[in-house]
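Enquirer: I'll drop the sequence and a predicted model, then ask my questions.
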4 protein chains.
Amino acid sequence: MIIIMEPGASDSQIQHVVEFAHNLELKTIVNKGVVQTVIAAIGETNKYSTEQFEAIDGVRTVQRIQVPFKLASRDSQHTDTVVTVKGNIKIGGNNPPVMIAGPCSVENQENLIAIAKVAKECGAKIIRGGAFKPRTGPRMFEGLGKLGLEYLDVARKETGLAVITELMDARDLDMVAEFTDIIQIGARNMQNFTLLNELGRVKNPILLKRGLSATIDEWLLAAERIMDKGNTQVIMCERGIRTFDSKYTRNVADIAAIPLIRRLSHLPVIFDPSHATGKWNLVSPLALASLVAGAQGLIVEVHPDPEKALSDGPQTLNFENFRKLCSDIEKLMNFISPTPCK
Amino acid sequence: MIIIMEPGASDSQIQHVVEFAHNLELKTIVNKGVVQTVIAAIGETNKYSTEQFEAIDGVRTVQRIQVPFKLASRDSQHTDTVVTVKGNIKIGGNNPPVMIAGPCSVENQENLIAIAKVAKECGAKIIRGGAFKPRTGPRMFEGLGKLGLEYLDVARKETGLAVITELMDARDLDMVAEFTDIIQIGARNMQNFTLLNELGRVKNPILLKRGLSATIDEWLLAAERIMDKGNTQVIMCERGIRTFDSKYTRNVADIAAIPLIRRLSHLPVIFDPSHATGKWNLVSPLALASLVAGAQGLIVEVHPDPEKALSDGPQTLNFENFRKLCSDIEKLMNFISPTPCK
Amino acid sequence: MIIIMEPGASDSQIQHVVEFAHNLELKTIVNKGVVQTVIAAIGETNKYSTEQFEAIDGVRTVQRIQVPFKLASRDSQHTDTVVTVKGNIKIGGNNPPVMIAGPCSVENQENLIAIAKVAKECGAKIIRGGAFKPRTGPRMFEGLGKLGLEYLDVARKETGLAVITELMDARDLDMVAEFTDIIQIGARNMQNFTLLNELGRVKNPILLKRGLSATIDEWLLAAERIMDKGNTQVIMCERGIRTFDSKYTRNVADIAAIPLIRRLSHLPVIFDPSHATGKWNLVSPLALASLVAGAQGLIVEVHPDPEKALSDGPQTLNFENFRKLCSDIEKLMNFISPTPCK
Amino acid sequence: MIIIMEPGASDSQIQHVVEFAHNLELKTIVNKGVVQTVIAAIGETNKYSTEQFEAIDGVRTVQRIQVPFKLASRDSQHTDTVVTVKGNIKIGGNNPPVMIAGPCSVENQENLIAIAKVAKECGAKIIRGGAFKPRTGPRMFEGLGKLGLEYLDVARKETGLAVITELMDARDLDMVAEFTDIIQIGARNMQNFTLLNELGRVKNPILLKRGLSATIDEWLLAAERIMDKGNTQVIMCERGIRTFDSKYTRNVADIAAIPLIRRLSHLPVIFDPSHATGKWNLVSPLALASLVAGAQGLIVEVHPDPEKALSDGPQTLNFENFRKLCSDIEKLMNFISPTPCK
């Protein structure tokens, strides 16, 4: 940590900061500049927040040197984490990008199986579908609950695909963990620390969506929390961020976050073009772009008749467009096989 | 709802939208303009999301006419909601602004009682203190849990102040509801729908902090959800939003949100200058400003020795500065008694 | 325009709005809903701002139906604009993406020619280089001025490449127009209306960078202004936008803006991965991603020794990395030849 | 400057950075930590950008210790700058807040004089009015130009008020400087460096509006540039910033920026509640709030009939509301006389 004193800080204020650091078992180096004194505090600074120093009299500001995450950091593990799902699906490293597809919400058994079959036929390995749906307003469709999980299970058995679904409530963890292969944590729960803390209890890999306005550090710290509790199988998922303009797109797809996460962390990172854009006709160009930038998978909303979908219709691909996307990806694979983002 | 068709939309596409609306029991008025057709859908549109229409072929965009919230809306209740706490503390309406003060985290019994006594002496009616603390990174102090609640209870009994504390986990609801007068929902949980849904079960008023990047509509929809579940005693709390600049302040205090919420809604609205600024020396100017703009209360972090506080030290007032703020507020009350924001 | 009245608006207020619209030669359709009255104003609404209606008593809010731009809109011209530079360089439509490369600032003649030769050898058609440099703070290197233009001219003659350079001051327009093929308008000048208004006077194509926090509409309106003044050869350039996180990247690359602009407008759109990311090691993944998403060109900062560059060093490719990027693009062209963004 | 090396940086990379700094005549202190090496570069670092160091191999990131502005900094001048206008109007320091009022655009002579008289009667010292109007789209009213300046001059002579108007084009500087007392630089031109550079040529004080998404540092650097060119009479003007929510307010008023600028800088700071909110019924609460937070003046849009105003009608006060605001301010002055923000 670098502790920058006010220009007029007194010697006793400086001495006080030094002692404060020593009490936390940090070593210090004091640099008296022409204008200001700067104190470097060295040691296990990850255990302390910068604000503990900022509250001290005479301190102007405090900056971290090291990234605030550790277990999730590429500095601590140089090789890529590869998450294995259902025994043989590999996500991360140099494995080909994994396609996850399915409806926003699980609506009924027939629909889900129809979608799963098309997904499988196009090369998807995992089916998605919400049984518990977060909705901004009350009095809207919030998912089928346990019944939705059962429908997913049937689809899994019929097609052999793996299943991913969102967990919203820690009390549902055991049930969701049983019915699903990967547990999704949604954007609005990325900093639901109560929920994250529980995930160490299960062995299912976790798909961690980036929060709507989460910084890169906050997102990796959420992964860090899950890892710290004992579950190291975390897949990062970029899904667009909130900016000053949402007239034409629901969010802004932060494509650069994909190669950036791959540099900062060893965890796999995938992309959700459906939520990132909010418009079905932007899904394919952005999906392809993310793969070129290094995404190790995609999660895409697909429905036989998007205008009848109970949620997220405008950003959902119909079967025809989904087939086209998968065929474009196949062509693109010739290009991206020499992984571009190392 | 106003459904705006693409310039080249066909008659059958227009007809299809009209039928779609009729199936939802909405009436329609179709306006064929020179460039585009516009369809007004009238009725209980709050039950439907705009995306259901946006997914239809030939639709360019859909806009709501009515605000998306209803129970929380000033249109549905013209008089101010006044929340009563512990029998005689009134928040909202033309009542004088209520001061809530206390440490970020409950640290120990002695400290808490000392703070509570100073708070009471300065005219505060309610003591705050976190027993469960959300922290961005793992491996930091996360509160004393139930012990913290017990300390709060003792402070309440000794001073007669009411108590507010944050709830983070639905499983703690009954315990927290028993030990506290007001339940706080933090910024990171403003869209934790699982948690919000439970709050109808208890009678305690709810202090609902605005999410870090929550729009005004999303914030009021979160209040709407709590009200819809049966708890109408919701207090809105502005605490700063995230923008492109966080070098000097932790957040940007959205002071205009205070008179705006008072116009859009009948619910009381208070201000948290500690989190909104993140710097103790900006707390007082912003606290005073918020009252002039119509805030019906303040929630302020106070600690006898901020640099020793286990969290939020840089934004915490010491006793001297807190006493000065309260005395400034008293002087200001002569000005704001003729409530300025009508 | 859709004019939404307050729920309690009186008949005379409604009547007043209708007359106001008629005075502007707009037709009106009045829909009285259960809660609110909505008035559609039809005609040449592009000539009026929504605020003229919003200022009227009883009006809650006003929304545009049509996009606010017209000349730049795909609705007004269905076929792609193709900009021709120096007789034979084509930008836009189904032409292969054009590479523009060069140093941030023109520093000296030798350097510039060395860079131009590498650029040409790699397939670039246009050399970039700033003679007038905008700098956030005073007392920094601000470009060589006219001498820089002369160096560019020599490089043009030696290599046959076309030249692009930034114009910052309307008083320099004739000089810049003479020395350069394309005139660049930088992000900070995207809403310098004084400067934009002059561009109709020259025949050079204009590269219009997106402002740091410009919405899609504002960006297209800036293009509209240039076109309205008589210069229709506008090339849009996405260069990243400002968001809440700038710790690891200078801006957030809004890749979705590329296919979006191609749908909303007929103008060509290119991408600047150097400014969009601010980090040389993110330039290539993002450059490739933008092409897959439909970018019709790239503008990239290249320097023989980025650490000696007088500006923008951290985001500048050295020759080795630039050669690698161009070779990757060549491979990728097999994939993107069937233009992906229709 | 603090230069933070990559964890794996080699000794020769570290040595290279040290030599690079020495070549710029900076002294260095090298701290080898457990994980990373940190180099402090000391001296006239304001002359160099951090990016020059960030471009060097083995450097992870570079942070400034000192604020990047110098002439504008409170560290370089401890006492408040007081700007004197027309001989006897004082802005800044402990002087009572100055009221600037007038129409968005100068429309005609009669109107302007009527407004000026009401402004004067209410205690305003300065009249505002745009002769050159920036407009987002083309084909809208852009001001009366020189005629507008002449109308302002007449109003000045009739009422004795001082005049402020916006300068958009460096070529108009001499004319505007002659007709006006204070020159306003608008938000969209805050980083129009060409325009700022000219302002050292004139003696008129400059009102510098904050850019729509300008950081505090960028805003003060724009002031620094004007001061560096020779004009030290700069008045800062907060006018709201762009965020993720603009449904109900045009911008978000950053009230905390007011006391913050007063701490970081010695320059006076005033507030524009009209642009900051975009809604006339939020103008008064925010104006009063800004004064309590330390604003040293206000600039407010006033028009006898806002719905007929050619621009900015929705945010403009009519005479009745303006009189009410001025009377509220007078009452408030009893409170704020002991300036709250020291």
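Expert: Now that the structure is in, tell me what you want to look at.

Enquirer: can you count the residues close to the closest residue to residue A:218 other than its chain neighbours?
Expert: With C-beta to C-beta, 6 or more residues apart in numbering or on different chains as the criterion, residue A:218 has its nearest non-adjacent residue at 5.9 Å, and that residue is residue B:136. Every residue, glycine included, has its C-beta placed from N, CA and C. For residue B:136, the neighbour count with other C-beta atoms under 10 Å in any protein chain shown is 18.

Enquirer: helix, strand or coil for residue B:136?
Expert: Secondary structure state of residue B:136, per DSSP: H, G, I helix; E, B strand; the rest coil, is coil.

Enquirer: contacting residues around it?
Expert: Contact criterion C-beta atoms under 8 Å, 6 or more residues apart in numbering or on different chains gives A:68, A:191, A:218, A:221 as the residues in contact with residue B:136.

Enquirer: max pairwise distance over those: which two?
Expert: A:68 and A:191 (14.2 Å; C-beta to C-beta).

Enquirer: name the residues that touch stretch A:210-223?
Expert: For stretch A:210-223, with C-beta under 8 Å, 6+ apart as the criterion, the contacting residues are A:67-69, A:72-73, A:185, A:187-188, A:190-191, A:196, A:208, A:234, A:236-239, A:241-242, A:251, A:254, A:257, A:260-261, A:264-265, A:267, B:136-138, B:212-213, B:242, C:244-245, C:247-248, D:244.

Enquirer: you'd agree residue A:177 is in a helix?
Expert: Yes - the assignment for residue A:177 by three-state DSSP puts it in a helix.

Enquirer: count the neighbours of the closest residue to it other than its chain neighbours for me.
Expert: Ranked by C-beta to C-beta, 6+ apart and with sequence neighbours excluded, the top spatial neighbour of residue A:177 is residue A:202, at 4.3 Å. Other residues within reach of residue A:202 by the criterion other C-beta under 10 Å amount to 19.

Enquirer: quick one: pLDDT of residue A:202?
Expert: The predicted local distance difference test score for residue A:202 is 97.

Enquirer: need the phi and psi values for it.
Expert: Per-residue torsions, residue A:202: phi -120, psi 160 (degrees, to the nearest 10).

Enquirer: who's in contact with residue A:311?
Expert: With contacts taken as C-beta under 8 Å, 6+ apart, residue A:311 has the following neighbours: A:104, A:105, A:130, A:133, A:135, A:140, A:141, B:49, B:51.

Enquirer: at 6 Å instead, please
Expert: For residue A:311, the contact set (C-beta atoms under 6 Å, 6 or more residues apart in numbering or on different chains) comprises A:104, A:105.

Enquirer: residues contacting residue A:192?
Expert: Residue A:192 makes contact with residue B:192 under the criterion C-beta under 6 Å, 6+ apart.

Enquirer: repeat the analysis, applying 10 Å as the threshold.
Expert: Remark: with contacts taken as C-beta atoms under 10 Å, 6 or more residues apart in numbering or on different chains, residue A:192 is in contact with A:168-170, A:185-186, A:211, A:222, B:134, B:168-169, B:188-189, B:191-192, B:194-195.

Enquirer: how about residue A:3?
Expert: With C-beta under 10 Å, 6+ apart, residue A:3 has these contacts: A:14, A:17-18, A:20-21, A:28, A:30, A:37-41, A:50, A:53-54, A:56, A:58-63.

Enquirer: mark which of those are part of helices, please.
Expert: Counting by DSSP state H, the members of these that fall within helices are A:14, A:17, A:18, A:20, A:21, A:50, A:53, A:54.

Enquirer: which of those tops the neighbour count?
Expert: Compared across the ones in helices among the contacts of residue A:3, residue A:53 has the highest neighbour count, 26 neighbours, by other C-beta under 10 Å.

Enquirer: need the nearest residue in space to that residue, chain neighbours excluded.
Expert: Among residues not flanking residue A:53 along the chain, residue A:62 sits closest, at 4.5 Å (C-beta to C-beta, 6+ apart).

Enquirer: quick one: residue A:199 from chain B, how far?
Expert: For residue A:199, the distance to chain B equals 12 Å [C-beta to the nearest C-beta, to the nearest Å].

Enquirer: lowest-confidence entry in the ones in helices among the contacts of residue A:3?
Expert: Sorting the ones in helices among the contacts of residue A:3 by pLDDT puts residue A:50 at the bottom of the list (86).

Enquirer: so that one sits against residue B:137, correct?
Expert: No - with contacts counted by C-beta atoms under 10 Å, residue A:50 stays clear of residue B:137, the gap being 11.2 Å.

Enquirer: residues contacting residue A:239?
Expert: Shown in contact with residue A:239 (C-beta under 10 Å, 6+ apart): A:186-187, A:190, A:209-212, A:250-251, A:253-254, A:270-277, A:299.

Enquirer: typed the wrong thing, it's residue A:243
Expert: Under the criterion of C-beta under 10 Å, 6+ apart, the contact list for residue A:243 reads A:213, A:249, A:251-252, A:254, B:213, B:244, C:213, C:215, C:241-244, C:252, C:254, D:242-244.

Enquirer: whichever residue of the stretch 201-342 of chain A sits closest to chain B: neighbour count?
Expert: When you check the stretch 201-342 of chain A against chain B by C-beta to the nearest C-beta, the closest residue turns out to be residue A:313, at 2.7 Å. As a burial measure, residue A:313 scores 22 neighbours (other C-beta under 10 Å).

Enquirer: distance check, it against residue A:277.
Expert: According to C-beta to C-beta, to the nearest Å, residue A:313 stands 14 Å off from residue A:277.

Enquirer: equivalent analysis for residue A:157, please.
Expert: Remark: distance between residue A:157 and residue A:277 (C-beta to C-beta) = 33 Å.

Enquirer: residues of the stretch 201-342 of chain A that sit close to chain D?
Expert: A:212, A:213, A:241, A:242, A:243, A:244, A:245, A:246 (C-beta under 10 Å from any C-beta of the partner chain).

Enquirer: correct me if wrong, but residue A:326 is in a strand.
Expert: No - using three-state DSSP, the assignment for residue A:326 is helix, not a strand.

Enquirer: for the closest residue to it other than its chain neighbours, grab the count of nearby residues.
Expert: Leaving out its chain neighbours, the residue that sits closest to residue A:326 by C-beta to C-beta, 6+ apart is residue A:122, at 3.8 Å. Counted with other C-beta under 10 Å, the neighbours of residue A:122 add up to 19.

Enquirer: any regions of chain A where pLDDT drops low?
Expert: Applying pLDDT under 70 to the predicted model, the residue ranges of chain A that meet it are A:337-342.

Enquirer: measure whichever residue of the stretch 1-150 of chain A sits closest to chain C to residue D:55 for me?
Expert: Taking C-beta to the nearest C-beta as the measure, the point where the stretch 1-150 of chain A comes nearest chain C is residue A:67, at 9.6 Å. Distance, residue A:67 to residue D:55, by C-beta to C-beta: 21 Å.
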